[in-house]
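Colleague: give me a 3D structure for the following:
(2 chains)
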Amino acid sequence: QKEVEQDPGPLSVPEGAIVSLNCTYSNSAFQYFMWYRQYSRKGPELLMYTYSSGNKEDGRFTAQVDKSSKYISLFIRDSQPSDSATYLCAMSAKDAGGTSYGKLTFGQGTILTVHP
Amino acid sequence: GAVVSQHPSRVICKSGTSVKIECRSLDFQATTMFWYRQFPKQSLMLMATSNEGSKATYEQGVEKDKFLINHASLTLSTLTVTSAHPEDSSFYICSARIQPLQPQHFGDGTRLSIL
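Modeller: Okay, the predicted model is just below:
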């Protein structure tokens, strides 16, 4: 079983739709949760990050973390064709010293297409 | 802020050639940088963690002598693929973070093709 599971999609939605992207994880030590967007042939771009359970909103994006269920989500409101990309969840635990977080564990990415 | 620049963006070379890829943090200092490899339609695989002024930490299964990492300054890390072969063809991406408890920011990657 992978530490992080993410539905690869592909997901196709009409412009203006609300998009829900999800990841589940098995490692209860994970404390840092991130969402990245990756366009074709580009590096991942940080969208959201959070260290705690609950919701965090930034413009059209809302990141949700439920540590008790080991489940994280990213919601995109009023989706646009420019949101078409691969979305990667990533998470990490603190290192042994507790002064930094360790290596990232990525989901496999969800391919999203928003059509006009 | 938090811009990571990677160069070159694309390399095509013959088998047996050594290729150097540069990763720079443009507007911050990074004591730690990371190197990843990504195959088509797959997620990122961490290859190594690069620490300024010390040896890199390689992930299990990554050949240290094949993938040489140098982190000589707080803004530059390099990855050299030595004696590259077609199976080394891939998308290589670096990342850096401003502080240890901050997220990683990624460069735009280098697409390496070995003929």
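Colleague: look up how far residue A:94 lies from whichever residue of chain A sits closest to chain B.
Modeller: At 3.0 Å from chain B, residue A:100 is the closest residue in chain A, using CB to the nearest CB. For every residue, glycine as well, the C-beta is placed using N, CA and C. Counting by CB to CB, to the nearest Å, the gap from residue A:100 to residue A:94 is 7 Å.
Colleague: ranges for the helices of chain A?
Modeller: Taking DSSP state H to define them, one finds no helices in chain A.
Colleague: which stretches of it have low pLDDT?
Modeller: The model of chain A has no residue with pLDDT under 70.
Colleague: same check on chain B?
Modeller: Residues of chain B that meet the cut-off, pLDDT under 70, do not exist.
Colleague: mind checking the SS state of the residue nearest the centre of chain B?
Modeller: For chain B, the residue nearest the mean C-alpha position is residue B:35 (3.7 Å; CA atoms, centre = their mean). Three-state secondary structure (criterion: DSSP: H, G, I helix; E, B strand; the rest coil) places residue B:35 in strand.
Colleague: skipping adjacent residues, who's closest to it in space?
Modeller: The spatial neighbour of residue B:35 that comes closest, neighbours along the chain excluded (CB to CB, 6 or more residues apart in numbering or on different chains), is residue B:47 at 4.7 Å.
Colleague: what about the one you found, how many residues nearby?
Modeller: Residue B:47 has 23 neighbours, counted by other CB atoms under 10 Å in any protein chain shown.
Colleague: quick one, phi/psi of it?
Modeller: Here is the backbone geometry of residue B:47 (degrees, to the nearest 10): phi -100, psi -50.
Colleague: now stretch B:77-89: how far from the chain's centre is it?
Modeller: In terms of CA atoms, centre = their mean, to the nearest Å, the centre of stretch B:77-89 is set 10 Å apart from its chain centre.
Colleague: is that stretch up against chain A anywhere?
Modeller: No. Using CB under 8 Å from any CB of the partner chain, stretch B:77-89 never reaches chain A; the gap is at least 14.0 Å.
Colleague: sheet-wise, list the partners of the helix or strand where residue B:93 lies with their directions.
Modeller: Using DSSP states H and E, the element containing residue B:93 is strand B:90-96. Sheet pairing of strand B:90-96 (DSSP bridges) gives strand B:32-38 (antiparallel), strand B:105-106 (antiparallel), strand B:110-114 (antiparallel).
Colleague: how many neighbours does the closest residue to chain A within chain B have?
Modeller: With CB to the nearest CB, the shortest gap between chain B and chain A falls at residue B:100, namely 3.0 Å. By other CB under 10 Å, the residues close to residue B:100 number 13.
Colleague: for residue B:86, same thing?
Modeller: Count around residue B:86 with other CB under 10 Å applied: 9.
Colleague: skipping adjacent residues, who's closest to it in space?
Modeller: residue B:114 (4.9 Å).
Colleague: again with residue B:1
Modeller: residue B:27 is the one closest to residue B:1 (CB to CB, 6+ apart), at 5.3 Å.
Colleague: related to what we said a few turns ago, what's the closest non-adjacent residue to the residue of chain B closest to chain A?
Modeller: Residue B:100 sits nearest to residue A:100 (CB to CB, 6+ apart), 3.0 Å away.
Colleague: next, that neighbour: phi, psi?
Modeller: Dihedral pair for residue A:100: phi -150, psi 170, per degrees, to the nearest 10.
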